[in-house]
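S.K.: Show me how the following folds:
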Amino acid sequence: MRIGIDIDDTIADTNEMLEAYAGIYDKLYKDGHGIIDENCYTFNGMYDWNEEDRLDFLKTYMVEVLENVEVKDYVVEIIRKLRQEGHEIIFITTRDGEYIDDCYGLTKKWLDEKKIEYDMIIAGDKRKSDYAESLQFDLFIDDSVKNCTKVSEKGIEVLLFDTRYNRDNKEFKRVKNWLEVYEYIHDMKK
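M.R.: Alright, predicted model coming up:
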């Protein structure tokens, strides 16, 4: 099976780390009002920031966050096991090149440092559904409802990785951790 997997908030706790840095930014550079809407996906909605503040925050901290973000529990072991069972793992991330000079290099270095196995990396490109179709993914895993919708419209099965900002969505099969991902894939093969 060919499995396409998002990185941020799917195998990495990126949003959690970004929120920690956003709190620091809010105190250092803004009025320090803190979070005003914890369920908002964008920082200029979560905090009392305008778009310029959000962009400045991302320019200031994005690379540091992506270099240091932690891996979700069981990711390394489950992905290794999936590859041993013959599944192909393709990481596909839209990490924004506007804030990152070498999105592919940063992503590859992080995956290698964390000892996460893979067969291919696609980084810095927002056309996930096009890649999913052209590379003939059998399964796609992401935290973004928008990405899951576009990929499922191509006839590809999707798993929505649970986050607080996507909990209102009832359209897709939801997984809360990588043990559930493995169980789902194992059941698909039956």
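S.K.: buried ones in the longest helix belonging to the chain?
M.R.: If you go by DSSP state H, the chain has its longest helix at helix 51-68. By neighbour count on 16 or more other C-beta atoms under 10 Å, the buried set for helix 51-68 is 53-54, 57-58, 61-63, 65-66. Quick note: C-beta positions are derived from backbone N, CA and C, even for glycine.
S.K.: could those residues be laid out in CSV, adding distance to Asp162 and pLDDT?
M.R.: Listed next are the buried residues of helix 51-68 as CSV, based on distance: C-beta to C-beta, whole Å; pLDDT from 0 to 100:
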residue, distance to Asp162, pLDDT
Asp53, 28, 88
Arg54, 24, 85
Phe57, 25, 90
Leu58, 24, 88
Tyr61, 25, 91
Met62, 24, 90
Val63, 27, 93
Val65, 21, 93
Leu66, 21, 93
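S.K.: Can you tell me which of those residues is closest to Ile116?
M.R.: Leu66 (14.0 Å; C-beta to C-beta).
S.K.: Check which helices and strands the worst-scoring helix or strand of the chain on mean pLDDT sits against.
M.R.: Taking mean pLDDT, DSSP states H and E as the measure, the chain has helix 43-46 as its least confident helix or strand, at a mean of 78. Applying 3 or more C-beta pairs under 8 Å, 6 or more residues apart in numbering; DSSP states H and E, one finds that helix 43-46 contacts helix 14-29, helix 51-68.
S.K.: now the last one and helix 14-29, what's the angle there?
M.R.: The reference is to helix 51-68. Angle of helix 51-68 versus helix 14-29, following axes from the mean of the first three to the mean of the last three C-alpha atoms, to 10 degrees, is 130 degrees.
S.K.: Give me the contact list for whichever helix or strand comes after helix 51-68.
M.R.: Using DSSP states H and E, the helix or strand that follows helix 51-68 in sequence is helix 75-84. Outside of helix 75-84, the residues within contact range by C-beta atoms under 8 Å, 6 or more residues apart in numbering are 3, 5, 11, 89, 114-119, 178-179, 181-182, 185.
S.K.: circling back: in the least confident helix or strand of the chain, what counts as buried?
M.R.: Quick answer for helix 43-46 (16+ other C-beta under 10 Å): 43, 46.
S.K.: Tell me how far Leu66 lies from Met17.
M.R.: 9 Å (C-beta to C-beta, to the nearest Å).
S.K.: for Ile7, same thing?
M.R.: Distance from Ile7 to Met17, by C-beta to C-beta: 13 Å.
S.K.: Ramachandran coordinates for Glu157?
M.R.: Dihedral angles of Glu157 (phi, psi; degrees, to the nearest 10) stand at phi -70, psi 140.
S.K.: Equivalent analysis for Asp8, please.
M.R.: With angles defined as degrees, to the nearest 10, Asp8 sits at phi -70, psi 120.
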